[in-house]
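> I would like the atomic coordinates for the input below:
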Amino acid sequence: MGHGGAMRGWWREICSLVLPTECAGCGRGRTGVCERCADELRAGRVRRVYPVPTPAGLPGVWAAAPYADAVRGMLLAHKERGMLPLARPLGGALGRAALAALAGRPGGEWALVPVPSA
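Down below sits the predicted model:
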């Protein structure tokens, strides 16, 4: 990351301390992510998911929560607007999904693949 990216990141962090943003999940509060939305990520049931249409030969895909509503808002805020306070709750959900994927393929190959927002 060049100096411009570092400056934007620094500026975003300072602004979030001085001017807290509304919850990325539900829009309430001024914390970036409220406890209710963070709990939604923690309480999500990890399960195997199948995109529609499901491509032939697609390996197992696991998700920690449905990609909708508050979860979708938090993911987009983190990926597209760089809301760093979301890293902890999203990382916890990602960890649970990764453990479920590993349990489903003991000793097998697996990959962590980022999914674009659009």
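> any low-confidence regions in this structure?
1-21, 29-31, 104-106, 118 (pLDDT under 70).
> repeat that for 50
1 (pLDDT under 50).
> so where's the longest helix in it?
Longest among the helix segments of the chain by residue count, using DSSP state H, is helix 87-104.
> quick one: residues in contact with that one.
Outside helix 87-104, the residues that touch it by CB atoms under 8 Å, 6 or more residues apart in numbering are 33, 37-38, 41-42, 44, 46-48, 60, 62-65, 74-75, 78, 110, 112. C-beta coordinates here come from the backbone N, C-alpha and C atoms, glycine included.
> and it, how far out from the chain middle?
Here helix 87-104 is found 10 Å from its chain centre; the criterion is CA atoms, centre = their mean, to the nearest Å.
> and the one helix or strand E40 maps to, what does it pack onto?
Using DSSP states H and E, E40 sits in helix 35-43. With contacts taken as 3 or more CB pairs under 8 Å, 6 or more residues apart in numbering; DSSP states H and E, helix 35-43 sits against helix 69-81, helix 87-104.
> that one to helix 87-104, inter-axis angle?
Angle of helix 35-43 versus helix 87-104, following axes from the mean of the first three to the mean of the last three CA atoms, to 10 degrees, is 10 degrees.
> any idea which helix or strand comes after helix 35-43?
strand 47-49.
> paired strands for that next one, with orientation please.
In the sheet containing strand 47-49, the strands it pairs with under DSSP bridges are strand 61-63 (antiparallel).
> for the partner strand, buried residues please.
Across strand 61-63, burial judged by 16 or more other CB atoms under 10 Å covers W62, A63.
> name the residues that touch that strand?
By CB under 8 Å, 6+ apart, strand 61-63 touches G44, V46, R47, R48, V49, Y50, P51, A97, A98, A100, A101, G104.
> can we see that at 10 Å?
44-51, 54, 71, 93-94, 96-104, 110, 113, 115 (CB atoms under 10 Å, 6 or more residues apart in numbering).
> backbone phi and psi for the nearest residue to A111 once chain neighbours are set aside, please?
The spatially closest residue to A111, leaving aside those adjacent along the chain, is P59, at 8.0 Å (CB to CB, 6 or more residues apart in numbering). Taking degrees, to the nearest 10, you get phi -70, psi 170 for the backbone angles of P59.
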